[in-house]
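# A predicted structure for the sequence below; I have some questions about it.
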Amino acid sequence: MSAFLDLNASGKLEIDLYFDFQCPFAYQTSLWLRDVVELMGDDLVDLRFYFFSLAQANRKDESWNIWDTTPEDPNASGLLAFLAGAAALKSGGQRALNAFYLELGKLHHQEKQPLDKATILKAAQTAEVNVNDAFNGSDPYLAAALKESHTGGVEKYGVFGSSTVVFEERYGVYVQIMPRPAYDKVLPLFQHIQMLAMVDRNVFEVKRVMTVAEKEEFRETIQNLYAN
C-alpha cells in the first residue's frame with residue numbers, strides 16, 4: 001500500500017505537528033518529519049507546525065490560561081517562545097515558523113541555551129524572521145494564535161501532549177521520537193506510523209515496555225545526543 005494517502009484530495013499529504021518548544025521529543029520528531037519532506041518532496045507533503053503548551057495542559061488551576069498571562073508569570077513556561085513563534089508565523093507563514101523552530105531547537109536542545117530573549121533573538125536572526133513584537137506585548141494576535149492553535153488541537157483532535165502528529169486533518173497519534181532515525185530509516189518509520197494512524201484504526205494504543213537496563217540505555221542516549 002502506498003505511503004501517500006491524500007484523503008483530502010488536496011494534492012498533498014497533510015501532516016500537522018503539535019509541539020511545545022521546550023519538548024525534546026517534539027524537536028527530534030520535527031527533525032524526522034523534515035527529513036520525510038526532504039525525501040518525499042514538498043510537492044507531495046505539506047508539513048505544518050501548531051502550538052501546544054505543556055504548561056497549559058498541566059495547569060493546576062482551570063481558570064488560568066497561559067495566553068492570558070505574561071512571560072513573567074512563573075507558571076507560563078515557554079510562553080515567550082510561543083509568542084515569538086506566533087510572530088514568525090504572522091510575518092512569514094509556516095515557512096518562517098518552520099525556520100524559526102529549527103534554529104531555536106538547535107540552540108535550546110542541542111546547545112543548552114535557555115528559552116530567553118537573547119536565545120530567541122539569535123534564532124530569529126539566523127532564521128531571518130522578525131519576532132520583535134513578542135517582547136513588547138503590543139500585538140494581541142500572538143497570544144490569540146497560541147490559544148487558537150492549542151485549543152483547536154484539543155477540541156478537534158483530542159491532542160493531549162507534545163508531540164502529536166495529525167495526518168490529513170483527521171488522524172492523530174501521540175509520538176515520542178528520540179533520537180531522530182537514521183536517514184535510511186526515515187521513510188520506513190514514517191510508513192509504519194502513518195499506517196497505524198490512518199489505516200489500522202483497531203489499534204487503540206501502543207506503548208513500549210522497557211527493562212531497567214533499557215531505560216538506562218535510553219537515558220544515556222539522550223545524554224550523549226545533547227552532550228555539549
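Good, I have the coordinates. Residues are numbered from 1 along each chain as shown.

# how about the longest helix along the chain: buried residues?
In the chain, assigned by DSSP state H, the helix with the most residues is helix 79-105. Buried residues in helix 79-105, counting neighbours by 16 or more other Cβ atoms under 10 Å, are found at 79-92, 96-105. To be clear about C-beta, it is placed using only N, CA and C from the backbone, and glycine gets the same treatment.

# neighbouring contacts of the worst-scoring helix or strand of the chain on mean pLDDT?
Lowest by mean pLDDT, DSSP states H and E among the helices and strands of the chain is helix 212-225, with a mean of 84. Here helix 212-225 makes contact (Cβ atoms under 8 Å, 6 or more residues apart in numbering) with 24, 178-179, 210.

# which of these count as buried?
24, 179.

# Please identify which of the contacts of helix 212-225 is nearest to residue 35.
When the contacts of helix 212-225 are compared for distance to residue 35 (Cβ to Cβ), residue 179 wins out at 11.9 Å.

# about what we covered before: closest one of the contacts of helix 212-225 to residue 187?
The nearest one, if we look at the contacts of helix 212-225 relative to residue 187 and count by Cβ to Cβ, is residue 179, at 16.7 Å.

# residues contacting that closest one?
Counting by Cβ under 8 Å, 6+ apart, residue 179 has contacts 28, 221-222, 225.

# Which two of the residues you listed have the greatest separation?
Largest separation among the contacts of residue 179 by Cβ to Cβ: 28 and 221, giving 10.9 Å.

# Just the buried ones from the contacts of residue 179?
Buried members of the contacts of residue 179, counted by 16+ other Cβ under 10 Å: residue 28.

# Tell me how far the nearest residue to residue 64 once chain neighbours are set aside lies from residue 56.
Sequence neighbours aside, residue 75 is the residue nearest to residue 64 in space, at 6.9 Å (criterion: Cβ to Cβ, 6 or more residues apart in numbering). Residue 75 sits at a distance of 10 Å from residue 56 (criterion: Cβ to Cβ, to the nearest Å).

# Verify the contact between residue 31 and residue 180 for me.
Yes. Counting by Cβ atoms under 8 Å, residue 180 is a contact partner of residue 31 at 4.3 Å.

# where are the low-confidence patches of the protein?
1-9, 227-228 (pLDDT under 70).

# just the helices in it please.
Secondary structure of the chain, counting by DSSP H: helices at 24-40, 54-57, 79-105, 117-127, 140-157, 186-198, 212-225.

# and of these, who's closest to residue 68?
Per Cβ to Cβ, nearest to residue 68 of the helices of the chain: helix 140-157, 7.4 Å.

# Run through who's touching that closest one.
By Cβ under 8 Å, 6+ apart, helix 140-157 touches 18, 50-53, 56, 65-68, 79, 82-83, 86-87, 89-90, 133-134, 159-160, 164, 166, 172.

# again, but for stretch 122-136
Contacts for stretch 122-136 (Cβ under 8 Å, 6+ apart): 80, 83-88, 90-92, 96, 99-100, 102-104, 106-107, 113, 117, 120-121, 139, 142.

# Mind doing that once more with 6 Å?
Outside of stretch 122-136, the residues that reach it under the criterion Cβ atoms under 6 Å, 6 or more residues apart in numbering are 83-84, 87-88, 91-92, 96, 99-100, 103-104, 107, 139.

# mind listing what's buried in that stretch?
Neighbour-count burial for stretch 122-136 flags 123-124, 127, 129-131, 133-134 (criterion: 16+ other Cβ under 10 Å).

# Output it in PDB with nothing but the alpha carbons.
Output of stretch 122-136 as PDB, limited to C-alpha atoms (Å, rounded to 0.1, in the frame of the first residue of the first chain):
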ATOM      1  CA  LYS A 122      19.600  34.800  18.000                       C
ATOM      2  CA  ALA A 123      17.400  32.100  16.500                       C
ATOM      3  CA  ALA A 124      15.200  34.600  14.700                       C
ATOM      4  CA  GLN A 125      18.300  36.400  13.300                       C
ATOM      5  CA  THR A 126      19.600  33.100  11.900                       C
ATOM      6  CA  ALA A 127      16.200  32.100  10.500                       C
ATOM      7  CA  GLU A 128      15.800  35.600   9.100                       C
ATOM      8  CA  VAL A 129      12.400  36.300  10.700                       C
ATOM      9  CA  ASN A 130      11.100  39.200  12.700                       C
ATOM     10  CA  VAL A 131       9.800  38.300  16.200                       C
ATOM     11  CA  ASN A 132      10.300  41.700  17.900                       C
ATOM     12  CA  ASP A 133       6.600  42.000  18.700                       C
ATOM     13  CA  ALA A 134       6.900  39.100  21.100                       C
ATOM     14  CA  PHE A 135       8.700  41.300  23.600                       C
ATOM     15  CA  ASN A 136       6.600  44.400  23.800                       C
END
